[in-house]
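**Q** After the sequence you'll find the predicted model.
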Amino acid sequence: MARILLIEDDSNIAEGIVVGLKSHGMMVDWFSDARQGEMALQEDMFDAVLLDLTLPKGDGMTVLQNWRYKQLDTPVLIITARDAIANRVAGLNAGADDYLVKPFALDEVVARLQALIRRSQGRSQPEIRYGEVAYWPHNHQVSYQGQVIELTIKEVAILEQMLTHPKQIHSRASLEDKLYGWQQDIESNAIEVHIHHLRKKLGNDFILTKRGIGYYLNPAHSH
């Protein structure tokens, strides 16, 4: 489950994007002004950003430049009504990864976000494989030993995070950041419960525990 940061001051456009992205299995944190949006990326983890250029309390181009100056390399898709070629070039030169001019089709937004996330993770193929587990991010389908298996949204989100960073140890806090948006209450054992269910469906030793540190994929299953 990709986590998207949306910075857009038009509530009608933003609400439509939020509903649309959620229907495609993405989680969205929405901010309506430049200052809050800029701080959000500095304080939390996102897979990609949808950034409007015309914003209250600042300008989207400045926000983007500040992120890149601070070496925040999260993929950024600019969405704006500024249709001039010079504006597109300026945005790309400031560090944007892609550009969409309003009005746009939601399906195109989703496809471009998925492509940006895939490229940022160093993948060219639409599916991610780890041994006998295969995952297709575009429709959140998971197979194990060639058979499609049913996972909950939260289980898919944890699995996706681990598959896209297969050599990393994932702390409970980092997985909570991936699963839950701002100001959401989280049960203290929620991550442990989801990991338990994933082990039941993918094998007890598919996900290992590094006591006191976090969870990681069993390297023995990578082939």
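**A** That came in fine, so what should we check first? Residues are numbered from 1 along each chain as shown.
**Q** Could you identify the helix or strand that succeeds the helix or strand of the chain with the lowest mean pLDDT?
**A** Between all helices and strands in the chain, the lowest mean by mean pLDDT, DSSP states H and E belongs to helix 85-93, at a mean of 77. Going down the chain from helix 85-93, the next helix or strand is strand 98-101, by DSSP states H and E.
**Q** just checking, what packs against the lengthiest helix in the chain?
**A** Taking DSSP state H as the criterion, the chain has its longest helix at helix 106-120. Packing contacts for helix 106-120, counted by 3 or more C-beta pairs under 8 Å, 6 or more residues apart in numbering; DSSP states H and E, involve helix 11-23, strand 48-52, strand 76-80, strand 98-101. Just so you know, the C-beta spots here come from the backbone N, C-alpha and C atoms, and that holds for glycine as well.
**Q** So what touches the helix or strand following it?
**A** Next along the chain after helix 106-120, taking DSSP H and E as the criterion, comes strand 128-130. With contacts defined as C-beta atoms under 8 Å, 6 or more residues apart in numbering, strand 128-130 is touched by 134-135, 137, 160, 163-164, 166, 217, 221-222.
**Q** Run me through the strand neighbours of strand 128-130, direction for each.
**A** Looking at strand 128-130 with DSSP bridges, its partner strands are strand 133-136 (antiparallel).
**Q** list the buried ones in the partner strand?
**A** Buried residues in strand 133-136, counted by 16 or more other C-beta atoms under 10 Å: 133-135.
**Q** domain assignment for this protein?
**A** Listed domain ranges for the chain are 1-119, 126-219 (source: the TED database).
**Q** of all those, which gets the most neighbours per residue?
**A** domain 1-119 (a mean of 17; mean count of other C-beta atoms under 10 Å).
**Q** related to what we said a few turns ago, tell me how far the least confident helix or strand of the chain lies from the chain's centre.
**A** Distance of helix 85-93 from its chain centroid, counting by C-alpha atoms, centre = their mean, to the nearest Å, is 24 Å.
**Q** Let's see it as CSV, backbone CA atoms only.
**A** Coordinates of each C-alpha in helix 85-93 appear next as CSV, following Å, rounded to 0.1, in the frame of the first residue of the first chain:
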residue,chain,number,x,y,z
ILE,A,85,6.2,24.9,-21.3
ALA,A,86,8.5,27.3,-19.3
ASN,A,87,6.6,26.3,-16.1
ARG,A,88,6.9,22.6,-16.8
VAL,A,89,10.7,22.9,-17.5
ALA,A,90,11.2,25.0,-14.3
GLY,A,91,9.4,22.3,-12.2
LEU,A,92,11.4,19.5,-13.7
ASN,A,93,14.6,21.4,-13.3
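**Q** who does it touch, helix- and strand-wise?
**A** Counting contacts by 3+ C-beta pairs under 8 Å, 6+ apart, helix 85-93 packs against helix 60-69, strand 76-80, strand 98-101.
**Q** Figure out which of the ones you listed is closest to S120.
**A** The minimum distance between S120 and the helices and strands packed on helix 85-93 falls on strand 76-80, with 10.4 Å, by C-beta to C-beta.
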